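Novice: test case, fold it:
(chains A and B)
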Amino acid sequence: AQRVTQPEKLLSVFKGAPVELKCNYSYSGSPELFWYVQYSRQRLQLLLRHISRESIKGFTADLNKGETSFHLKKPFAQEEDSAMYYCALGGDSGGSNYKLTFGKGTLLTVNP
Amino acid sequence: KAGVTQTPRYLIKTRGQQVTLSCSPISGHRSVSWYQQTPGQGLQFLFEYFSETQRNKGNFPGRFSGRQFSNSRSEMNVSTLELGDSALYLCASSSQGAEYEKLFFGSGTQLSVL
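Specialist: Below is the predicted model:
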């Protein structure tokens, strides 16, 4: 069964500090991993996906298959990064993206 | 392009009633997924439709059903409502529902069951 764990419900950092949001997954196949973000009063939206190896808004995430992790990192947090972050795992036995399994989310607060 | 549109935005129902929620995907998108969001369980997958066919279903009771029309619009129905069905129901669309595709989410329908 697919499972995504985000161990921190809340994370608070100061502006300019590094931030790391943790995500661990359980999946027997080849994982497809995503980070989605929901800013206050906005829709849930894709932040980044592991297959693209991209950096969005200064955030990066590296898939570590040995540790089954996909942690989200940013070297210098900004106040506008305050939001709810969800790690998501795609795929079932057929390797499709028809279904995403979400973690329960981490609420990041960046203090001035 | 207009985003994913969900109607109504809010619904209040009583136990035992049934409810129908609507989702219009982004123009050209053929895959529509539904998710239930609650404070306790987070986001949970309900089902996904593509070209009027249900391709995948989550672990929800049979009271939860859905369908997709030829124009890709989708509806989900919950019969015999229970208090625990109170949640934000999110719809998401993508072009093909394929691997690595980006999902575009609607604003959701907030359902309250009294």
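
Novice: might you enumerate the residues of chain B proximal to chain A?
Specialist: By the rule CB under 8 Å from any CB of the partner chain, the part of chain B lying against chain A is B:3, B:31, B:33, B:35, B:41-45, B:48, B:50, B:55-56, B:58, B:90, B:92, B:94, B:97-107. Every C-beta, even on glycine, is put in place using the N, C-alpha and C of the backbone.

Novice: just the residues you listed: which are in strands?
Specialist: The strands, defined by DSSP state E, take in B:31, B:33, B:35, B:42-45, B:48, B:50, B:55-56, B:90, B:92, B:94, B:104-105 from the residues of chain B next to chain A.

Novice: so which of these is the most crowded?
Specialist: Note: the member of these with the most neighbours is B:S33, at 29 neighbours, neighbours being other CB atoms under 10 Å in any protein chain shown.

Novice: okay but it is in contact with B:E101, surely?
Specialist: No: B:S33 is not in contact with B:E101 according to CB atoms under 8 Å; the separation is 10.7 Å.

Novice: pLDDT weak spots in chain A?
Specialist: Along chain A, segments meeting pLDDT under 70 span A:91-97.

Novice: could you pull out the strands for it?
Specialist: For chain A, strands defined by DSSP E occupy the ranges A:3-5, A:10-14, A:19-21, A:24-26, A:32-38, A:45-49, A:60-61, A:72-74, A:83-90, A:100-102, A:106-111.

Novice: okay if I get these as TSV plus mean neighbour count?
Specialist: Output for the strands of chain A, formatted as TSV (neighbours: other CB atoms under 10 Å in any protein chain shown):
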stretch	mean neighbour count
strand A:3-5	16
strand A:10-14	14
strand A:19-21	20
strand A:24-26	17
strand A:32-38	22
strand A:45-49	18
strand A:60-61	20
strand A:72-74	20
strand A:83-90	22
strand A:100-102	22
strand A:106-111	17
